[in-house]
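# what would the 3D arrangement of this be:
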Amino acid sequence: MNKFVFKVLAVLVFASLVLSACGPAATEAPAATEAPAAATEAPAAATEAPAAAMSGEGEVAIVAWPGYIERGANDAAYDWVTAFEAETGCMVTVKDAATSDEMVSLINAGGYDLVTASGDASLRLVYGGSVQELDLSKIPSYNTVDERLQNAAWHTVDGKHYGVSYQWGPNVLMYNTEVFPEAPTSWNVVFEEQTLPDGQSNTGRVQAYSGPIYIADAALYLMATKPELGITDPYELNEEQFAAAVELLTAQRAIASKYWGDYLLQVEDFKTEGFVASSSWPLQVNLLQADGAPIASVVPAEGATGWADTTMMAANAPHPTCAYLWLEHSIDPKVQGDVASWFGSAPSVPAACDGASELLGTEGCAANGFDTFDQIYFWKTPIADCGNGESNCVTYDRWTEEFTKIVGQ
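Next comes the predicted model:
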């Protein structure tokens, strides 16, 4: 994600320190052998060093989706870093990660404090011991987070919190309005060969997401089209259900000539390569619309998978004071609204929808799909435990293995 992919800042109190903004606790991660690469240059320190800087930390190192942490370099109006640094003395460095797998790898390598993990990575980090349980008492504003997200399964395990929700949104069906004068109502336009409204086949004109978690999109479609499979959760699939999803994606390979993983490349593909429909993020839709492209998006009748990103703290975070400050700052209503405006996402703090951010305004949440929450099946790491007392679900390593085979065909 980039100019719309954003993740937050933080202002929090560590131990007895009390500031106006605060952040969540961290998990212990392996020690770093090399200092993390900074994707963002930190400004000069404030003349009077705040308490966090005086404690000897003075920085917070974050692994984030590209563009999730903006300091005004792309647009001066979008900056939720500079003020945080001035107030806390914690200089923010960012290492961009293009995929969830890369995020897991970077955190496991050590040297970072925080990671903006999507649901297909968060449980891997928890069960792998790469992130630590948070001390919510050090995140005073935690109770302002949307109640639907406070105890979400992708970051809460056995009643323990391992992250602070940041932003969320659906994986929308993006389409070309010149090919589809009316919005498509089903995901079948990307899963099944057919003639589109412009009289041409969809073969070679649709894309699919390049990630094992995309198997859940196929499972979600099968929930509606093949109810006899008994799928109730697209991330909890037994062998029969998993085989059906793999079969659907294998057949889709004949019409989906390209998989997208880099959002910028997908934008270019829709501009120049003749693609007309695909799963996508609101980010790409916004970028294409800003360029005047005939693009729109919809959540089809079957619903959609989606992402609810969580800021998690590394098990051995080198700068826990600054990390907690950042976590608190990340759920400030203005920051939440600014990020949502930038990315086209929905904030995890409902107060952000009420005008706290001039950039988002009071209509922005509705425009960004805040009311679609109940239609979304949020990413979560597939594990053996199906949540019904049985351990007969196909695990993420198998998802990765089978999806790699499909893409390689």
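
# can you list the low-confidence ranges for the stretch 151-300 of the chain?
By pLDDT under 70, the stretch 151-300 of the chain has no low-scoring segment.

# which residues in it form strands?
In the stretch 151-300 of the chain, the strands defined using DSSP state E, counting those that start in this stretch lie at 156-157, 160-161, 164-170, 172-176, 206-209, 256-260, 277-280, 295-298.

# what's the closest of the ones you listed to residue 198?
Nearest to residue 198, of all the strands of the stretch 151-300 of the chain, is strand 172-176, at 8.8 Å by CB to CB. From N, CA and C alone the C-beta is placed, and that goes for glycine too.

# pretty sure residue 74 is in a strand, no?
No. Going by DSSP: H, G, I helix; E, B strand; the rest coil, the assignment for residue 74 is coil, not a strand.

# does it really touch residue 67, like I thought?
Yes. Using CB atoms under 8 Å as the test, residue 74 is close enough to residue 67 to be in contact (7.3 Å).

# helices along the chain, start to end?
All helices of the chain, identified by DSSP state H, fall at 51-54, 82-88, 100-109, 119-127, 147-150, 188-191, 215-225, 239-252, 263-272, 282-290, 320-330, 333-343, 364-367, 396-407.

# could I get these as CSV with mean neighbour count and distance to residue 232?
Output for the helices of the chain, formatted as CSV (neighbours: other CB atoms under 10 Å; distance: least, CB to CB, whole Å):
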stretch, mean neighbour count, distance to residue 232
helix 51-54, 19, 46
helix 82-88, 22, 42
helix 100-109, 20, 24
helix 119-127, 24, 17
helix 147-150, 16, 19
helix 188-191, 22, 20
helix 215-225, 23, 8
helix 239-252, 18, 10
helix 263-272, 18, 31
helix 282-290, 21, 27
helix 320-330, 31, 33
helix 333-343, 26, 30
helix 364-367, 17, 29
helix 396-407, 16, 18
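
# out of those helices, flag the one nearest residue 160.
Relative to residue 160, the nearest member of those by CB to CB is helix 119-127, separated by 8.6 Å.

# and the average pLDDT for the longest strand anywhere in the chain is what?
When the chain is parsed with DSSP state E, its longest strand is strand 304-313. The average pLDDT for strand 304-313 rounds to 96.

# buried residues, stretch 293-309. List them.
Neighbour-count burial for stretch 293-309, counted by 16 or more other CB atoms under 10 Å, picks out 293, 295-300, 302-309.

# just say which of the strands of the stretch 151-300 of the chain is most tucked in.
Sort the strands of the stretch 151-300 of the chain by mean neighbour count, taking mean count of other CB atoms under 10 Å, and strand 164-170 sits at the top with a mean of 28.

# give the other helices and strands that it contacts.
Judged by 3 or more CB pairs under 8 Å, 6 or more residues apart in numbering; DSSP states H and E, the packing partners of strand 164-170 are helix 147-150, strand 304-313, helix 320-330, helix 333-343, strand 346-347, strand 376-378.

# who touches the first one?
Counting by CB atoms under 8 Å, 6 or more residues apart in numbering, the neighbours of helix 147-150 from elsewhere in the structure are 142-143, 165, 168, 308, 348, 373.

# between those residues, which is nearest residue 232?
Among the contacts of helix 147-150, residue 373 lies closest to residue 232 (CB to CB), at 18.3 Å.

# how many neighbours does that closest one have?
When neighbours are defined as other CB atoms under 10 Å, residue 373 has 17 of them.

# how about the nearest residue to it, chain neighbours excluded?
Distances taken as CB to CB, 6 or more residues apart in numbering place residue 148 nearest to residue 373, at 6.3 Å, with adjacent residues excluded.

# next: residue 167.
Leaving aside its sequence neighbours, residue 167 sits nearest to residue 345 (CB to CB, 6+ apart; 4.1 Å).

# neighbours of that neighbour, how many?
Look at residue 345: counted by other CB under 10 Å, it has 32 neighbours.

# was I right to think it contacts residue 171?
No. In this structure residue 345 lies outside contact range of residue 171 using CB under 8 Å: 11.8 Å.

# nearest to residue 313, of the strands of the stretch 151-300 of the chain?
strand 164-170 (9.0 Å).

# extract the C-alpha trace of that closest one and format it as CSV.
C-alpha atoms of strand 164-170 as CSV (Å, rounded to 0.1, in the frame of the first residue of the first chain):
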residue,chain,number,x,y,z
VAL,A,164,-4.0,-2.4,18.6
SER,A,165,-6.3,-2.2,15.7
TYR,A,166,-5.4,0.5,13.2
GLN,A,167,-7.4,0.5,10.0
TRP,A,168,-9.7,-1.9,8.1
GLY,A,169,-11.4,-2.3,4.8
PRO,A,170,-12.8,-4.8,2.3
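
# where does the stretch 1-150 of the chain have low pLDDT?
Under the criterion pLDDT under 70, the flagged ranges of the stretch 1-150 of the chain are 1-56.

# where exactly do the strands run in it?
According to DSSP E, counting those that start in this stretch, the strands that the stretch 1-150 of the chain contains are 59-64, 91-96, 114-117.

# which other helices and strands contact the last one?
Right, the one you point to is strand 114-117. On a contact count with 3+ CB pairs under 8 Å, 6+ apart, strand 114-117 meets strand 59-64, helix 100-109, helix 119-127, strand 304-313, helix 320-330.

# hmm, 6 Å instead?
strand 59-64, helix 100-109, strand 304-313 (3 or more CB pairs under 6 Å, 6 or more residues apart in numbering; DSSP states H and E).

# strands paired with the shortest one, and their directions?
When sheet partners are counted by DSSP bridges, strand 59-64 sits next to strand 91-96 (parallel), strand 114-117 (parallel).

# so which of the helices of the chain is nearest residue 390?
By CB to CB (comparing all of the helices of the chain), the closest turns out to be helix 239-252, at 12.3 Å.

# can you give the contact residues for that closest one?
191, 215, 218-219, 222, 229, 231, 394, 402, 406 (CB atoms under 6 Å, 6 or more residues apart in numbering).

# quick one, it and strand 256-260 angle?
For helix 239-252 against strand 256-260, the angle by axes from the mean of the first three to the mean of the last three CA atoms, to 10 degrees is 110 degrees.

# next, the angle helix 215-225 makes with helix 239-252.
Angle of helix 239-252 versus helix 215-225, following the same axes, to 10 degrees, is 100 degrees.
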